[in-house]
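In: What shape does this take:
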Amino acid sequence: MDVELFNFELPKERIALRPAEPRGSARMLVVAPFGVTKDRSVGDLAKYLSKGDVLVFNDTRVIPARLFGKRDEVKIEVTLHKQINQFSWAAFAKPAKRLRVGDVIDFGALKADVLGREGPEVLLKFNVEHALIDVIKIVGEMPLPPYIASQRAVDERDLDDYQTVYGVKEGAVAAPTAGLHFHDELLAEISELGVEMEFLTLHVGAGTFLPVKVDDTSDHVMHEEWGEITPDVAEKLNYCRKNGGKIVAVGTTALRLLESAADADGIIHPFSGDTDIFIQPGYKFKGVDALFTNFHLPKSTLFMLVSAFAGLDRMQAAYKHAVDEHYRFYSYGDSSLLFPEK
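Out: Sure, this is the predicted structure:
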């Protein structure tokens with residue numbers, strides 16, 4: 001498909017630089033079947049859920065994956081995006097063209113050998129004897145998306161703001177931002193309805209922010225991300241569907257992993273490994289019945305995903321409505337609840 005089909009105008013002032021306070025107070029645009037849109041708030045989410053439904057959350061936790069160092073006297077900025085093994089990460093470097101295989105980048109309390117480079121991407125091996133992520137947490141900076149970091153400095157507030165309240169498994173370098181809206185009281189309210197909550201893990205990579213640089217979607221190559229759905233969670237999700245409940249993905253990361261694990265009959269299988277699933281219009285969804293998600297960038301793979309889920313025409317209209325009604329966009333912005341076209 002022509003990538004330009006997924007473009008839209010977004011005024012800069014619609015980009016949220018801080019989350020709504022308190023959590024759960026953001027707006028929520030409901031895109032219901034038959035083209036109906038409703039302006040609601042995240043606190044209204046429970047009204048669209050029923051006993052027996054399951055909300056599926058991504059329990060990954062963000063690490064401070066932006067590192068600043070030097071190769072000799074050249075300043076190098078690195079954003080980690082995928083852990084390869086105990087000591088090695090794939091990363092995006094700036095300026096990558098100043099790096100060669102065999103170079104050493106000094107991050108102060110941490111050093112890394114450059115094992116490979118292709119374009120802006122490098123493979124780094126760190127010289128640590130202890131848990132690498134523990135050292136990264138000391139020297140790294142929270143990796144806010146470029147559309148926020150380019151407008152203000154990262155600060156102490158982001159250490160909490162850019163984490164979900166339920167994130168426990170460290171390894172993501174970008175937050176599963178739909179989950180940022182949830183707080184303990186909202187989770188308790190949903191649970192009291194008889195709605196179940198299950199957790200999977202997808203370590204979100206910085207590749208999620210890479211622009212689509214091709215003209216046709218069929219030429220775009222997705223970066224791999226590691227994810228896991230345990231046998232116990234898969235069994236509970238299948239039980240939900242068998243008994244008439246809805247599987248509601250909280251965020252596109254949860255949806256992508258569920259679809260990676262679902263077979264043609266809609267059965268969700270245990271999963272552990274990498275996924276590079278790319279969802280665009282024409283894709284037949286198998287494992288998800290509704291999607292709670294923030295608003296995404298023009299011409300991004302995530303806007304392509306929501307257009308596949310709810311229909312391109314419906315999402316173009318919904319996003320125009322959101323712009324006109326001053327919804328706040330992107331990671332710290334407002335949210336939407338999407339249902340597929342009937």
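In: Domain ranges for this structure, per the record?
Out: When the chain is parsed with automatic domain parsing, its domains come out as 3-62+160-338, 66-141.
In: most tightly surrounded among those domains?
Out: domain 3-62+160-338 (a mean of 19; mean count of other Cβ atoms under 10 Å). In this view, the C-beta of every residue, glycine as well, is placed from N, C-alpha and C.
In: Quick check: beta-bridge partners of residue 114?
Out: residue 124 (DSSP bridges).
In: mind listing what it touches?
Out: Contacts for residue 114 (Cβ atoms under 8 Å, 6 or more residues apart in numbering) come out as 99-105, 122-124.
In: Could you take those and lay them out as a markdown table, with extra columns for secondary structure?
Out: Below are the contacts of residue 114 laid out as a markdown table (DSSP: H, G, I helix; E, B strand; the rest coil):
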| residue | secondary structure |
| --- | --- |
| 99 | coil |
| 100 | coil |
| 101 | coil |
| 102 | coil |
| 103 | coil |
| 104 | strand |
| 105 | strand |
| 122 | strand |
| 123 | strand |
| 124 | strand |
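In: now, among those residues, which is nearest to residue 333?
Out: residue 122 (31.1 Å; Cβ to Cβ).
In: Could you check how far the nearest residue to residue 148 once chain neighbours are set aside is from residue 152?
Out: Using Cβ to Cβ, 6 or more residues apart in numbering and skipping residues adjacent in sequence, the residue nearest residue 148 is residue 17, 5.8 Å away. From residue 17 across to residue 152, the span is 6 Å (Cβ to Cβ, to the nearest Å).
In: ditto for residue 199
Out: Separation of residue 199 from residue 152 (Cβ to Cβ) stands at 31 Å.
In: So residue 282, which state does it fall into?
Out: coil.
In: let me fix that: residue 136
Out: Residue 136 - assigned by three-state DSSP - is helix.
In: what number of residues lie near the residue lying closest to it once chain neighbours are set aside?
Out: Once flanking residues are discounted, residue 136 sits nearest to residue 63: 5.7 Å by Cβ to Cβ, 6+ apart. Number of residues near residue 63 (other Cβ atoms under 10 Å) recorded here: 21.
In: shouldn't residue 241 be in contact with residue 258?
Out: No: counting by Cβ atoms under 8 Å, residue 241 does not reach residue 258; the two are 11.1 Å apart.
In: Mutual contacts of those two, please.
Out: residue 247.
In: which residues does residue 339 contact?
Out: 31-33, 289-290, 310.
In: ok, residue 310 touching residue 342?
Out: No: between residue 310 and residue 342 there is no contact under Cβ under 8 Å: 11.0 Å.
In: for the domains of the chain, which one sits closest to residue 147?
Out: domain 3-62+160-338 (5.7 Å).
In: avg pLDDT for that closest one?
Out: Averaging pLDDT along domain 3-62+160-338 gives 95.
In: Any idea how far apart the tips of it sit?
Out: 22 Å (Cα to Cα, to the nearest Å).
In: residue boundaries of the strands in the stretch 101-250 of the chain?
Out: 104-106, 111-118, 121-126, 169-172, 196-202, 225-229, 247-250 (DSSP state E, counting those that start in this stretch).
In: May I see the ones you listed arranged in CSV, with distance to residue 216 as well?
Out: Shown next, in CSV, are the strands of the stretch 101-250 of the chain (distance: least, Cβ to Cβ, whole Å):
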stretch, distance to residue 216
strand 104-106, 36
strand 111-118, 22
strand 121-126, 22
strand 169-172, 30
strand 196-202, 27
strand 225-229, 23
strand 247-250, 27
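In: re earlier: tell me the spacing between the residue nearest to residue 136 and residue 122.
Out: From residue 63 over to residue 122 (counting by Cβ to Cβ), the distance is 18 Å.
In: coming back round to it: columns pLDDT on top of the contacts of residue 114, output as CSV?
Out: Putting these into CSV (pLDDT from 0 to 100) gives the following:
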residue, pLDDT
99, 95
100, 95
101, 96
102, 96
103, 97
104, 97
105, 97
122, 96
123, 97
124, 97
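In: Residue 86: which of those is nearest?
Out: Using Cβ to Cβ, residue 124 comes nearest to residue 86 of the contacts of residue 114, at 12.9 Å.
In: Now do the contacts for that closest one.
Out: Counted by Cβ under 8 Å, 6+ apart, residue 124 has contacts 78, 80, 88-91, 105, 112-115.
In: Thank you kindly, that will do.
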